[in-house]
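Asks: A predicted structure for the sequence below; I have some questions about it.
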Amino acid sequence: MKLTSNDKEVLAGFVLMLFGVYFIWTSAMIKGEEEFFESAGIFPLIVSGIFTLLSAIHMCVSLFKGGHPTVDKISISIRLMLKNEGFREVMLAIGIVALYIFVGATFVSIYLAGAILIFGILRGFVRRIRLVVSLAVTCGLVAAMYLVFTVMFKMPII
């Protein structure tokens with residue numbers, strides 16, 4: 001048996017609650033020279049607390065509606081998800097963007113990495129587009145990035 005929608009909602013609430021606890025911890029670690037209630041960490045702490053509280057409420061409501069995820073249900077759903085071709089395409093796109101953010105923009109020029117990302121997405125995911133059109137769109141978007149950041153905002157991004 002695979003996960004029901006209430007099971008998925010319980011898992012989503014639990015994961016979001018974990019993120020909220022992490023955000024609370026990191027915002028509590030923000031040090032300032034003034035007292036904590038006047039420091040920069042108080043606003044993220046309040047927002048993270050509300051986020052965590054709402055996640056916990058969401059998880060509890062889903063539990064009361066009949067959501068009871070088990071290890072067997074989760075493993076069956078993960079196997080079915082990995083076999084889905086649409087899921088693999090989405091994960092490939094997320095991986096490409098992650099490579100752009102963590103590798104391309106860090107070690108290569110942001111414009112070159114952006115051009116590679118845009119061109120790769122156009123060639124890999126837009127099947128009907130011609131090569132000349134993808135090159136033109138890539139050049140246009142990179143030029144727009146240059147004009148916005150370097151010319152308009154005077155932020156020389158390399």
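Replies: Received it, and whenever you're ready, just let me know what you need.
Asks: sec struct for the residue nearest in space to the middle of the chain, please.
Replies: Nearest to the geometric centre of the chain sits Ile94, at 8.2 Å (C-alpha atoms, centre = their mean). Following DSSP: H, G, I helix; E, B strand; the rest coil, the label given to Ile94 is helix.
Asks: per the record, what domains does this protein have?
Replies: If you go by automatic domain parsing, the domain ranges for the chain are 5-83, 85-152.
Asks: hey, where'd the helices end up in the chain?
Replies: In chain order, the chain shows helices spanning 5-28, 42-64, 71-83, 85-99, 105-107, 110-125, 131-146, with DSSP state H as the criterion.
Asks: Report the buried residues of the least confident helix or strand in the chain by mean pLDDT.
Replies: When each helix and strand of the chain is scored by mean pLDDT, DSSP states H and E, helix 105-107 comes last, with a mean of 77. Within helix 105-107, the residues scored as buried using 16 or more other C-beta atoms under 10 Å are Ala105. Every residue, glycine included, has its C-beta placed from N, CA and C.
Asks: and it, how far from the chain's centre?
Replies: Offset of helix 105-107 from its chain centre (C-alpha atoms, centre = their mean, to the nearest Å): 18 Å.
Asks: List of residues touching that helix?
Replies: Residues from elsewhere that reach helix 105-107 (C-beta atoms under 8 Å, 6 or more residues apart in numbering): Ala113, Gly114.
Asks: Kindly recompute the last result at 6 Å.
Replies: Ala113 (C-beta atoms under 6 Å, 6 or more residues apart in numbering).
Asks: Centre of the chain to stretch 5-22, how far?
Replies: A distance of 16 Å separates the centroid of the chain from that of stretch 5-22, by C-alpha atoms, centre = their mean.
Asks: With stretch 106-122 instead?
Replies: On C-alpha atoms, centre = their mean, the centre of stretch 106-122 falls 18 Å from the chain's centre.
Asks: What of stretch 51-60?
Replies: Distance, centroid of stretch 51-60 to centroid of chain: 20 Å (C-alpha atoms, centre = their mean).
Asks: cool, stretch 128-138 as well?
Replies: Centre-to-centre, stretch 128-138 and its host chain are 27 Å apart (C-alpha atoms, centre = their mean).
Asks: List the buried residues for stretch 16-36?
Replies: Leu16, Met17, Gly20, Val21, Phe23, Ile24, Ser27.
Asks: Convert the C-alpha atoms of that stretch to PDB, please.
Replies: What follows is stretch 16-36, C-alpha atoms only, in PDB (Å, rounded to 0.1, in the frame of the first residue of the first chain):
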ATOM      1  CA  LEU A  16       8.700  21.500   7.800                       C
ATOM      2  CA  MET A  17       8.800  21.300  11.600                       C
ATOM      3  CA  LEU A  18      12.400  20.000  11.500                       C
ATOM      4  CA  PHE A  19      13.300  23.000   9.200                       C
ATOM      5  CA  GLY A  20      11.600  25.300  11.700                       C
ATOM      6  CA  VAL A  21      13.500  23.900  14.600                       C
ATOM      7  CA  TYR A  22      16.800  24.400  12.600                       C
ATOM      8  CA  PHE A  23      15.800  28.000  11.800                       C
ATOM      9  CA  ILE A  24      15.000  28.700  15.400                       C
ATOM     10  CA  TRP A  25      18.400  27.300  16.400                       C
ATOM     11  CA  THR A  26      20.300  29.300  13.800                       C
ATOM     12  CA  SER A  27      18.500  32.500  14.600                       C
ATOM     13  CA  ALA A  28      19.200  32.000  18.300                       C
ATOM     14  CA  MET A  29      22.900  31.800  17.400                       C
ATOM     15  CA  ILE A  30      23.000  35.200  15.800                       C
ATOM     16  CA  LYS A  31      25.200  37.300  18.100                       C
ATOM     17  CA  GLY A  32      25.000  41.000  18.500                       C
ATOM     18  CA  GLU A  33      26.600  43.500  20.800                       C
ATOM     19  CA  GLU A  34      23.300  44.500  22.300                       C
ATOM     20  CA  GLU A  35      20.800  42.400  24.200                       C
ATOM     21  CA  PHE A  36      19.200  39.600  22.400                       C
END
